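Visitor: structure for this input, please:
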Amino acid sequence: MSNVHLIPYVTDEVVETVSEVPEGVRMIEAPELWDRADQGRGNVIAILDTGCQVDHPDLQGRIIDGKNFTSDDGGDEWNYQDYNGHGTHVAGTVAAIENGRGVVGAAPQADLLILKVLTGEGSGDTNWIIDAIDYATKWEGPNGEKVRVISMSLGGPADIPELEMAVKDAVQQEISVVCAAGNEGDGRGKTPEYAYPGAYNEVIQVGAVDFDRNLATFTNTNNEIDLVAPGVNILSTYLDGKYARLSGTSMATPHVAGALALIINRAEDEFERRLTESEVFSQLVKRTVPLSYSKVAVGNGLLSLALPDKLEDLFSTYNRKLSQRTLTNTSNTR
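Guide: Residues are numbered from 1 along each chain as shown. Prediction:
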């Protein structure tokens, strides 16, 4: 098997303390769904990464379980501490708690299954990834919980059939698999760049934009991009209880993973039943807005969680005014 690695990213800043809802979380409009989606409560999101600082103050109570698949700590499978920082950052963007300090994730009440598949140096074996996907697919929590979303901010240049099969099996088990597109982009949408597992058709592949909705210069572009999310100068949790601003499609991916927990709760409440993976994906696409780039650059567009509610309010206002106008015209003809 070939090596898989962290998709190269940039550490823009490390800070001791913060107190805010990060701009990326606000940009995807997650807070506007928190009340209606119970902040993602009841959904388990498996994060396949470098592990996590399990005692970070902003992640208290959110980690439901975990396992180490790497050679770190002599291969101790129950030690999934993060010696890199990347995994802790991803975890915070997904589900950092709302406690009045630090940062807040997209789904502050979602549960995290931390599966360490990359070492402190950010490298791993494809077999570790495959085993972790299989583990997440079969995992069951103490109260019968099952994984609804797998988030992978990692990749490699090789298309490995066994990796694709593991992804397909997870999707067939109704798990949404969210992957980073990669950071080998050249700033031009017409030259495709592929990283796996992100480029597999079955996954939800996420590219990156900045806070001005400009395509990130580093983001991969290809014909399997599904959508984009904020991935430049993203603030989240970091090692030693600190916080950091990182840039990369790795940072865009957990915005989507957390958003899915909100979408699942909101949509399943409306439909009064459990949705299939394809139905969840349809609800995700429903919450994107087009950008002025080609489909191979941004897919369906930028994640915009509150879009359906905004459209519903707009049409309700329009219909109400139309009804009032009709009543007025009817009254004038009498």
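
Visitor: next, the buried residues of stretch 95-106.
Guide: Of the residues in stretch 95-106, those buried by neighbour count under the rule 16 or more other Cβ atoms under 10 Å are 95, 96, 97, 98, 102, 103, 104, 105, 106. Glycine gets a C-beta too; all of them are placed from N, C-alpha and C.

Visitor: would you agree the fourth one is in contact with residue 108?
Guide: Yes - with contacts counted by Cβ atoms under 8 Å, residue 98 reaches residue 108, the gap being 4.5 Å.

Visitor: break the chain into its domains for me.
Guide: Annotated domains of the chain cover 3-303, 306-333 [the TED database].

Visitor: what's the span of the first one, first residue to last?
Guide: Going back to what we said before, that points to domain 3-303. End-to-end distance of domain 3-303: 31 Å, with Cα to Cα, to the nearest Å as the criterion.

Visitor: can you pick out the most distant pair from the buried residues of stretch 95-106?
Guide: 102 and 106 (14.6 Å; Cβ to Cβ).

Visitor: and for residue 300, the neighbour number?
Guide: 18 (other Cβ atoms under 10 Å).

Visitor: how about it: what's its closest non-neighbour residue?
Guide: residue 288 (4.3 Å; Cβ to Cβ, 6 or more residues apart in numbering).

Visitor: quick one, phi psi at the one you found?
Guide: phi -130, psi 150 (degrees, to the nearest 10).

Visitor: residue contacts, it?
Guide: Contacts for residue 288 (Cβ atoms under 8 Å, 6 or more residues apart in numbering) come out as 227, 299, 300, 301, 302, 303, 304, 307.

Visitor: hang on, the earlier thing: closest to residue 233 among the buried residues of stretch 95-106?
Guide: residue 103 (13.4 Å).

Visitor: I'd like to know how far that closest one sits from residue 195.
Guide: Separation of residue 103 from residue 195 (Cβ to Cβ, to the nearest Å) stands at 27 Å.

Visitor: wait, doesn't residue 175 sit right on residue 137?
Guide: Yes - in terms of Cβ under 8 Å, residue 175 counts as a neighbour of residue 137; the distance is 6.3 Å.

Visitor: between those two, what contacts are shared?
Guide: Applying Cβ under 8 Å, 6+ apart, one finds that residue 175 and residue 137 are jointly contacted by residue 147.

Visitor: list phi and psi for the nearest residue to residue 188 once chain neighbours are set aside.
Guide: Among residues not flanking residue 188 along the chain, residue 221 sits closest, at 7.5 Å (Cβ to Cβ, 6+ apart). Backbone torsions for residue 221, taken as degrees, to the nearest 10, come to phi -120, psi 140.

Visitor: and for the one 3 residues further on?
Guide: The main-chain torsion angles of residue 224 are listed as degrees, to the nearest 10 and equal phi -110, psi 0.

Visitor: same question, residue 179
Guide: phi -130, psi 150.

Visitor: tell me the contacts of residue 139?
Guide: With Cβ under 8 Å, 6+ apart, residue 139 has these contacts: 44, 46, 65, 113, 146, 147.

Visitor: need the residues you listed in CSV (columns: secondary structure and neighbour count).
Guide: As requested, those are exported to CSV (DSSP: H, G, I helix; E, B strand; the rest coil; neighbours: other Cβ atoms under 10 Å):
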residue, secondary structure, neighbour count
44, strand, 22
46, strand, 30
65, strand, 18
113, strand, 25
146, coil, 15
147, strand, 26
